[in-house]
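Colleague: Here is my input; please provide its structure:
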Amino acid sequence: MDFKSKVALVTGAANGIGRATALGFAGYGAKVVLVDRDGSGAAAVAGAIKQQGGEAISVQADVTKSADVANYVKAAIDAYGRIDCFHNNAGVEGSVKPIHEYDEEVYDQLMSVNVKGVFLGLKNVIPFMIKQRSGAIVNTASIAGLMGSPNMSPYVASKHAVIGFTKAVSGEVAGYGIRVNAVCPGPVDTRMIHSVTEQVSPGDAAGAAERYKGAIPLGRFSTADEIANMVHFLCSDLASGITGAQFAVDGGRTATAGAVTVVGKG
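Modeller: Here you go, the predicted model:
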């Protein structure tokens, strides 16, 4: 897990999984480019990396906008000359509602971030990796891309799309020495799952969280660091023979029968 001389680009890097991945890359010696719509948050993480003796820059960007995505890629190339690892991570959870009650604007925003954002990242990063004839990409999908979760159908659809991109694009770029994989987190102890549990059970998010944990064989949510560990592995030379695959980091959730039924109140 040696990333010295490597450059890692991480979207959604201000918080949660992206933050953990960026800090981990820096700890393994990589130069890190942190991208987030929350520019001050990304800058704070970059500052923490520098305080620990690492190299990092931050870029404020909306991953749904072509110009912003082109800009964060340009910033990475201008600063460090290459992109070796790309964690295509930014995502949102949307609403917890049955499809016939789902707000169209929320749907559009979710699909724009979770699907278009991944598309634009791949579209803009891959040409530079082709020039290098090397690179490792990890898209953040979800176990929602592997199974259904009632009352979260747009989110489920978006994460199935991420896995689709992963499978198809991996075949397009393998000949250039570029690997593309997906990490599929289960519930992770970050802002997103707390948003979901509050929507599921307003005023009793803790109760909803316990019900979720009851469906996980390990009996707990994963940590952001545990997801980051899989991203680092997939970007490392230890995973040199792995591409076009998806890996669940979910405490055994997808190994058990049935799906969690998300039922909102109100």
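Colleague: From here on, just use CA atoms for contacts and neighbour counts.
Modeller: Noted.
Colleague: Centre-most residue in this protein?
Modeller: The residue lying closest to the centre of the chain (Cα atoms, centre = their mean) is Asn89, at 2.6 Å.
Colleague: which ones are touching that residue?
Modeller: Val10, Thr11, Gly12, Ile17, Gly18, Val118, Val138, Asn139, Thr140 (Cα atoms under 8 Å, 6 or more residues apart in numbering).
Colleague: Out of these, which two are the most distant from each other?
Modeller: Using Cα to Cα, the pair of these lying farthest apart is Ile17 and Val118, separated by 15.7 Å.
Colleague: so where do the strands sit in the stretch 1-150 of the chain?
Modeller: 7-11, 31-36, 56-60, 85-88, 135-140 (DSSP state E, counting those that start in this stretch).
Colleague: Relative to Lys97, which of those strands is closest?
Modeller: Across those, closest to Lys97 is strand 135-140 (Cα to Cα), at 22.7 Å.
Colleague: Tell me the strands beside the closest one, with direction?
Modeller: When pairs are called by DSSP bridges, strand 135-140 turns out to pair with strand 85-88 (parallel), strand 178-185 (parallel).
Colleague: in the protein, which helix has the most residues?
Modeller: For the chain, the longest helix by residue count, based on DSSP state H, is helix 153-173.
Colleague: Buried residues in stretch 154-170, which are they?
Modeller: Buried residues in stretch 154-170, counted by 16 or more other Cα atoms under 10 Å: 154-167, 169-170.
Colleague: Tabulate the CA atom coordinates of the lowest-mean-pLDDT helix or strand in the chain in PDB.
Modeller: In the chain, the helix or strand scored least confidently by mean pLDDT, DSSP states H and E is helix 191-200, which has a mean of 84. Extracted in PDB, the C-alpha atoms of helix 191-200 (Å, rounded to 0.1, in the frame of the first residue of the first chain):
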ATOM      1  CA  ARG A 191     -24.100  12.000   7.700                       C
ATOM      2  CA  MET A 192     -25.900  10.100   4.900                       C
ATOM      3  CA  ILE A 193     -27.200   7.200   7.000                       C
ATOM      4  CA  HIS A 194     -28.300   9.600   9.800                       C
ATOM      5  CA  SER A 195     -30.200  11.600   7.200                       C
ATOM      6  CA  VAL A 196     -31.900   8.400   6.000                       C
ATOM      7  CA  THR A 197     -32.800   7.100   9.500                       C
ATOM      8  CA  GLU A 198     -34.300  10.500  10.400                       C
ATOM      9  CA  GLN A 199     -36.400  10.400   7.300                       C
ATOM     10  CA  VAL A 200     -37.400   6.800   8.000                       C
END
